[in-house]
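[1] Below are the sequence and a predicted model for it; my questions follow.
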Amino acid sequence: MNVNILKGGQVYDAEAHRFAVADVLIEDGRIVRIGKIDAPPTATIVDTHGAYVAPGFIDSHVHVFSHPLFHHSRLAADRVGVQQGVACVVDAGSSGAVTIDAFPTFVRDTQRTATYAFINIGSPGLPNLGGGHSSRPELLDLPGVVKAFGRHGDWLLGVKVLASASHTGAYGEQAVRMARKAAELVGRPLMLHIGNAPPVVDDVLDLLRPGDIVTHAYHGKVGGVLTHGGKVLPAFRAAVERGVWVDIAHGRASFSFSTCARALEQGMPVHSISSDLHAGNVNRYVVSLSRTMSKLLALGLSLADTVRAVTATPAKMLGVDAHGFGRLQPGDPAHVTVFEVRDEPREVEDAEGDRRTLEQWIEPRYVYVGGERHDVSAPL
């Protein structure tokens, strides 16, 4: 029997939404007990005094579908997963109907990070497309996307569409409607990327239903969720009020300190903190999920709210709570991230090049996935 006790850390209770000092007993990959625990002689004691113990971090928007036939900027899931203290990553539409069957072979079967995906209504990653992967009717495959859930419904979480001119061209709103229909047919959420018009953001936000996700919500581009005067767009507020989830997805061009701050000031939420990590931003701008978390902490989110946005809320939003993510409870698989909060200044930048100095820095030490420990080994 493999027994580990995480001793003396500040443990996050998702139900109470607070931290409290406790021990966590893990046996054979599962959480057995949380509280004051006397160590049996055979147990391995892991000292977590001065650290925080949370459900395994979830990055709900990354790009990790790597395939040797395609040239793209994807990363290995472990590079942005367990090597950075993240237990679970979700590929946000790097595969479409043509390539989705390769996802297990080239991602899920080779990585130690728990990996799930949204399938793209278009055809990303294919060579010589021109005009974007959802820009023409022949690139969108409604039957193929729907049928993919019959083969891979255990790890496909929903349907992704990129509603921006660079990906959909003039076909934007029709692409969104096609994705909307696919999500409806399979009974899964739609993840809507918002970017440069066309389509107009008001029109596509109106297509979202409760349980759908708007990602890259707080980018700084003209025509986003704020009006020219900095007020929250009525269509965005209405979407939030009817139950649409708000996802950060920092990325190379999709997170603005000022946009996010203004939205927060006007009562808008951050449901899910995610990175949109890929090869184009892993060395600058984003770097890690924990760095993105630190930026939200600097914008005024409490530590408990910040942790909830990478644990309990995205687990519910994505449906991976069914796999034991988002909480620490006896009987569940031991998906656990242990991290510190360091009081030290660090300069960071958003996707607009706005540089700010953080006073606190979230730094994972290690992560357990199904009870298997992985030490952080990649830059944060």
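    Alright, I've got the coordinates.
[2] Any buried residues in the lengthiest helix in the chain, and which?
    Secondary structure assigned by DSSP state H gives helix 172-186 as the longest helix of the chain. Within helix 172-186, the residues that count as buried by 16 or more other Cβ atoms under 10 Å are 172-173, 175-176, 178-183, 186. Where you see a C-beta, it was placed from the backbone N, CA and C, and this is true even at glycine.
[3] by contact count, what packs against it?
    helix 142-152, strand 156-163, helix 165-168, strand 190-194, helix 201-205 (3 or more Cβ pairs under 8 Å, 6 or more residues apart in numbering; DSSP states H and E).
[4] how about a markdown table for these, with mean pLDDT, mean neighbour count and distance to Val376 added?
    Below are the helices and strands packed on helix 172-186 laid out as a markdown table (pLDDT from 0 to 100; neighbours: other Cβ atoms under 10 Å; distance: least, Cβ to Cβ, whole Å):
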| stretch | mean pLDDT | mean neighbour count | distance to Val376 |
| --- | --- | --- | --- |
| helix 142-152 | 97 | 16 | 30 |
| strand 156-163 | 95 | 27 | 26 |
| helix 165-168 | 71 | 20 | 33 |
| strand 190-194 | 96 | 27 | 28 |
| helix 201-205 | 96 | 21 | 37 |
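[5] right, so of the ones you listed, which gets closest to Asp91?
    strand 156-163 (9.0 Å; Cβ to Cβ).
[6] So which other helices or strands are in contact with that closest one?
    With 3+ Cβ pairs under 8 Å, 6+ apart as the test, strand 156-163 has strand 86-95, strand 114-120, helix 142-152, helix 172-186, strand 190-194 packed against it.
[7] any chance of the helices and strands packed on helix 172-186 in TSV, with distance to Leu299 too?
    Formatted as TSV, the helices and strands packed on helix 172-186 follow (distance: least, Cβ to Cβ, whole Å):
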stretch	distance to Leu299
helix 142-152	36
strand 156-163	25
helix 165-168	27
strand 190-194	20
helix 201-205	22
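[8] Out of those, the one nearest Ile248 is which?
    Closest among these, using Cβ to Cβ: strand 190-194, at 12.3 Å.
[9] which strands and helices sit next to the closest one?
    Partner elements for strand 190-194 (3+ Cβ pairs under 8 Å, 6+ apart): strand 86-95, strand 156-163, helix 172-186, helix 201-205, strand 213-215.
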